[in-house]
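[1] Take a look and give me a structure for this.
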Amino acid sequence: MFARKFLQKSSGGQKPAPAPPPRGCLITEDLDPRIVTHHGIPSTASLLAFDPIQCLLAVGTLDGRIKVIGGDNIEAILASPKQLPFKNLEFVENQGFLVSISNENEIQVWDLDLRQTTSSLCWESNITSFSILHGTGYMYVGDEYGMVSVLKYSVDEGKLVHLPYYVPTDALAEAAGLSSPIDYPVVGLLSQPCSKGTRLLVAFSNGLLFLWDASEDRVVLVRGNKDLPVEGKTVGDSLEASHDEPSDLELDGKEISSLCWASADGSVLAVGYVDGDIVFWDFSEGQKGKPSNHAVKLQLSSAEKRLPVIVMHWCSDVSRKNCGGKLFIYGGDIIGSDEVLTMLALDWSSGMGGLKCVGRADLTLSGSFADMVLSPIASSRQSGMFLFLLTNPGQLQAYDDTSLASLMSQKEDNISVSPLPYPMVVPTMDPHMTVAIFAACNVNDKTSLALSEIVLAAKARTPRTPSSESAQWPLTGGVPSYLDDYKLERLYMAGYQDGSVRIWDATYPCLSLIYVLDPKANGIDITGVDASVTAFSFCSKTSCLAVGNECGMVRLFKLVGHKSGGTLEVVTNTDKQAHPFHQEDGPQWLAAYSFLSSPVCTLRFVQSTRRLAVGFKCGRVAMLDIGAQSVMFVTNSLSDSGFPIKSLCVKSSPAPAGSLSGPTDHNSIDSDAHDDLILCAMTKDGQTILFDGNTGKMLASCLRPLKNPTAICMHILEDCYENSEMPSENSAKNPSGKEKHEKNSHTTSESESHSPGGEQNAVTETKLVDQRFANSLFLMCSEDALRLYSLKSLSQGSLESITEVNLPRPCCWMGTLKKDERECAVLLLYRTGHIEIRSFPDLEVVRESSLMSLLRWNFKPNMEKTVCSDDFGHVVLVNGCEVSILSVLAHANGFRIPESLPLLHDKVLAAAADATFSHFPAHKKNHDGAPKFLSGIIKGFRSSNEQKVDQIQDFSHLGNIFSNPPYLKPSATGDDDEKIVELNIDDIEIDEPLIISPITEKDKKEKKDKRTEKERLFDGASSDAQPKTRTVDEIKAKYRKAGETSAIASQAKDKLLERGEKLERISQRTAELQDGAENFASMAHELAKQMEKRKWWNI
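    Predicted structure coming up:
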């Protein structure tokens, strides 16, 4: 679902028929900030839901978002209109729908195909329990007043329907022996396995447990309604359970905190209480033993004060024949103990009274517990039972049954099992991301086409196969999207603290990892090569990538290369060494420059890519000759206070056609023929210096004194006023209303520069600006202001701004936006999380938004270091473990949505699973004949817990049950469509009594072969004669007579007399039939006595 929520700036009355904006001018209608893609687990994750058939995992958050995760980098983010926590989240299994309940008791149904809500229902009371009947769209809702209602999601109508059926509280109270209806909150609703959905377990907060049969509208069993002697057991650190004497379990006021079925057939229920107790209740109907056999108490600790039992999940053990398994528990241990997840292996082969613990293991959590789900998975990657564990903040891990079994079998303490970590598409924390860039590629360039072929070949070799990091991750849900006309359009690159670089294909919303550039070179020892990455620069025309790190090293790569046995050039401040270096197809490491020990702050390729400008933290600037692999010049510190270089810009004359060359084309570069370059550098304190890009000579230095060193970025706007008039330098604005303070500017008359071979002093010359620079502007962004200058005035040493605005909040990042291939706006990110888009050249606000409204994020320190954008309105942001791409322009669809989006619901798999379940008995007999993946599904469900048994049952009868209130179901003997026939006594025609003559022996012989024994016994019972109903018109035509009123009255009197006679005759016939029936019964009784006296051989 794409977020389209904005914090728009209010405007005045609408102006009639505005004139069309000029080309490249940005207006409000051009903007529509929205989410294109989202990767990673939100830090506010709190709930889990799992669809075992589709193999999809859903993560609910505290801010109203839902993260849906499948396989092969398939992820989606769903955002509720209200930023509220979810307290319930469940899949409508195998149907492509997800149901959530917010803290305001709004029930929402999400369509996974549309990635949006299709229906919502606001519940009037506080929902305290919720459950979906597996395999159906029926939902049970329990509230704070003890009411249990039934809902159904109608796929055809696309809405939630509140059905008439409910569970009557007075019937529950009567079954429990209470004088008044139950009004305690419902804390648990579980459909009993193997009951075809008709039996529901209802648990109340006061400890009462009811098993309700909806088909019969009655309470089947009641548990926990009074003091009950139970068997008490305490599970200690050892594997042996200590058996205590039978004790009384005081249930009055004992509040239930969690529950789950502990058997596949629903005969045993495990209930956790707030005081830390766990009680196993026997819910088998035929149980006739002592009352003590109804319940067994279990304690994880003998301490007096224990944690509440928060969550419990059960996994049946097939080998124990439904008399044991594993119970996963969070809570119940002593207060103040380490946060662990406890696994108990239980067995009650000898009966409930003989329940014993045969194994215990504590799984240490990496963070505070949030939620867990336990479910079987049968796929091409993994099969078996998996435990998904969610801890804070946003850490998702998986454990398979093999690792859990090995943990359970260990006898030693402090034995740990490594979980399967969630394979993040874009790692941000491990390793830690330090810097990133988002680069657009020209799809028609030779380099981009070559990269496209490489990506397509890699996908063809490994279709739908995970990388080595995620090979064991069990999720496989969703269907990737494949478009025929693929061409590489965008690259996302990230640098990490360990010195590595990762590159993704960002053409479509699902990012695909292309390369991982390791900092180490096999067999070559380079000092500082594995330092944290601090700066990037990429040229899409030649696929050249420059990487700067914290030790001052600059590495140069070319992304498209072939297997070779070339050399790696290492350039230092003293010499240049060539090391033999064998490289495979793909990225080629060309050179490493290490001549200053100061961290690299910024990198900038010159337009021809033959030069690379480098800015250091110490305030110095260097120019590298890529073709000659040498250092052209290094300046002294540009700031008297040693402030770092924040930004570099290069202005050059157009290169002659065909002169573009890559970094390895040494022979094509003439060192004597250089482009006319102007290099502009800005330090953190706002000082701006212009250099000759070929010699390093300083042309001008302009310093605008700033109260605080808060300069962020600068940018040169090319040919902004080609078709319009250049604004006057006197038209500077100050929205705050303050007078523009004086600008102190000066031109430095002397500059020093030196090359690695020595230092050289030169007198600075004032260079005349060519006419081609006249229409270019210089944009400078600081933390508190945005200023626009003409490049011409800047080169003359003047800092008289054309436009200046004071920013309302502290700014931390700036980017630019193009429309119609012309730069038209600037994007600003504030430290408060607000986003502004201001148009050129007036720098007026066109649209406002925020990270909170778009992404539900709060701004975090240093977030601006990983923010990046391209010129086409795409912004990439990183927050913790989350990575998101925003699209700003309304009419732009560079990611080709929705065609490029993967499908979250696999309809082919859903149809196959439905067909498998409908023919489950046949597959059970002939298992080898089933398709492999369907057999895997069946295998997984056969070994699953109790909740998956209902998958293969028929629930069609529930429609008749839930469509009526309790006790008002239609008669089961009649057809709903059968019409009720009303009879009138006037329409009954009574014939005269029939005289039945005795049947002769001859007649019996003639009819012996024609009549069956049943027909002879029930003579005349098969008659189909029925009274005929007549229409109103027929009755009127029969009884309407012409004549006077007296004649009609006389006729009515005759009819009444005739009716009386008919009634008398009916009474007589009834008496005769009764006498005949009595005679027949007497004759049959006498005949039976006679037959008893006869021997069997006389019959």
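[2] which residue packs closest to G478, ignoring adjacent ones?
    Nearest residue to G478, sequence neighbours excluded (Cβ to Cβ, 6 or more residues apart in numbering): G70, at 3.2 Å. Yep, even glycine has a C-beta here, placed from its N, CA and C like the rest.
[3] pretty sure that neighbour is touching P902, no?
    Yes: the criterion here is Cβ atoms under 8 Å, and G70 meets it with P902 at 7.5 Å.
[4] If you count surrounding residues, which of these two has more?
    The neighbour comparison of G70 against P902 (other Cβ atoms under 10 Å) goes to G70, with 25 against 20.
[5] In contact with the more buried one, which residues?
    Residues near G70 by Cβ atoms under 8 Å, 6 or more residues apart in numbering: 54-57, 475-478, 902, 904.
[6] can you do 10 Å?
    Applying Cβ atoms under 10 Å, 6 or more residues apart in numbering, we find G70 in contact with 51, 54-57, 76, 112, 475-480, 902-906.
[7] how much space is there between it and D842?
    Distance, G70 to D842, using Cβ to Cβ, to the nearest Å: 47 Å.
[8] distance between the ends of stretch 782-800?
    Length of stretch 782-800, first residue to last, Cα to Cα, to the nearest Å: 16 Å.
[9] related to what we said a few turns ago, and for G70 and P902, which residues touch both?
    By Cβ under 10 Å, 6+ apart, the residues touching both G70 and P902 are 76, 477-480.
[10] Kindly reformat those as a markdown table containing distance to N126.
    Output for those, formatted as a markdown table (distance: Cβ to Cβ, whole Å):
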| residue | distance to N126 |
| --- | --- |
| A76 | 30 |
| G477 | 33 |
| G478 | 35 |
| V479 | 39 |
| P480 | 42 |
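[11] Quick check: of those residues, which lies closest to V875?
    Using Cβ to Cβ, A76 is the member of the shared contacts of G70 and P902 that lies nearest V875, at 19.4 Å.
[12] ok, the closest one - how many residues close by?
    Neighbourhood size, A76 [other Cβ under 10 Å]: 23.
[13] How about V340?
    Around V340 there are 16 residues (other Cβ under 10 Å).
[14] For the remainder of this discussion, apply numbering that starts at 410.
    All set: I'll call the first residue 410, so the last point we hit is now V749.
[15] Near the closest residue to it other than its chain neighbours, how many other residues are there?
    Once flanking residues are discounted, V749 sits nearest to D771: 4.1 Å by Cβ to Cβ, 6+ apart. As a burial measure, D771 scores 20 neighbours (other Cβ under 10 Å).
[16] Need the pLDDT of D771.
    Predicted confidence (pLDDT) for D771: 90.
[17] close enough to count as contact, it and L816?
    Yes: using Cβ atoms under 10 Å, D771 is in contact with L816, at 9.0 Å.
[18] give me the low-pLDDT residue ranges for the stretch 910-1059 of the chain?
    Applying pLDDT under 70 to the stretch 910-1059 of the chain flags residues 1016-1017.
[19] Let me see the ranges of the strands in it.
    910-914, 921-926, 942-948, 953-958, 963-967, 976-981, 985-989, 997-1003, 1009-1014, 1020-1025, 1030-1034, 1039-1044, 1054-1061 (DSSP state E, counting those that start in this stretch).
[20] got CSV for those, with mean neighbour count and distance to I444 too?
    As requested, these are exported to CSV (neighbours: other Cβ atoms under 10 Å; distance: least, Cβ to Cβ, whole Å):
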stretch, mean neighbour count, distance to I444
strand 910-914, 21, 17
strand 921-926, 18, 19
strand 942-948, 22, 24
strand 953-958, 26, 28
strand 963-967, 22, 31
strand 976-981, 18, 42
strand 985-989, 13, 46
strand 997-1003, 22, 36
strand 1009-1014, 23, 29
strand 1020-1025, 25, 33
strand 1030-1034, 24, 38
strand 1039-1044, 21, 43
strand 1054-1061, 21, 29
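[21] Can I get those strands in a markdown table including distance to D780?
    Output for these, formatted as a markdown table (distance: least, Cβ to Cβ, whole Å):
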| stretch | distance to D780 |
| --- | --- |
| strand 910-914 | 30 |
| strand 921-926 | 29 |
| strand 942-948 | 35 |
| strand 953-958 | 40 |
| strand 963-967 | 43 |
| strand 976-981 | 50 |
| strand 985-989 | 52 |
| strand 997-1003 | 45 |
| strand 1009-1014 | 43 |
| strand 1020-1025 | 47 |
| strand 1030-1034 | 52 |
| strand 1039-1044 | 56 |
| strand 1054-1061 | 44 |
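[22] closest one to T1275 among those?
    Here strand 942-948 is closest among the strands of the stretch 910-1059 of the chain (Cβ to Cβ), at 11.0 Å.
[23] residues touching I738, list them.
    Neighbour list for I738: 644, 667, 669, 679, 681, 687, 707, 709, 718-722, 749-753, 771 [criterion: Cβ under 10 Å, 6+ apart].
[24] just the buried members of those residues?
    644, 667, 669, 679, 681, 687, 707, 709, 718, 720-722, 749-753, 771 (16 or more other Cβ atoms under 10 Å).
[25] What strand or helix carries N1369?
    helix 1367-1371 (DSSP states H and E).
[26] Equivalent analysis for L736, please.
    strand 733-740.
[27] That strand: partners in the sheet, and parallel or antiparallel?
    Applying DSSP bridges to the sheet, strand 733-740 is found paired with strand 718-725 (antiparallel), strand 749-756 (antiparallel).
[28] Render the CA-only coordinates of that strand in CSV, please.
    Extracted C-alpha coordinates of strand 733-740, given in CSV (Å, rounded to 0.1, in the frame of the first residue of the first chain):
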residue,chain,number,x,y,z
GLY,A,733,2.7,-35.4,25.0
GLY,A,734,4.7,-32.8,23.1
LYS,A,735,6.6,-29.5,23.7
LEU,A,736,5.2,-26.5,25.4
PHE,A,737,6.8,-23.1,24.6
ILE,A,738,6.3,-20.6,27.4
TYR,A,739,7.2,-17.0,27.9
GLY,A,740,6.8,-16.0,31.6
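[29] Show me where the stretch 510-659 of the chain has its strands.
    Using DSSP E, counting those that start in this stretch, strands in the stretch 510-659 of the chain cover 515-520, 525-531, 536-541, 547-552, 557-563, 568-576, 595-600, 608-613, 618-622, 627-632, 637-644, 650-652, 656-658.
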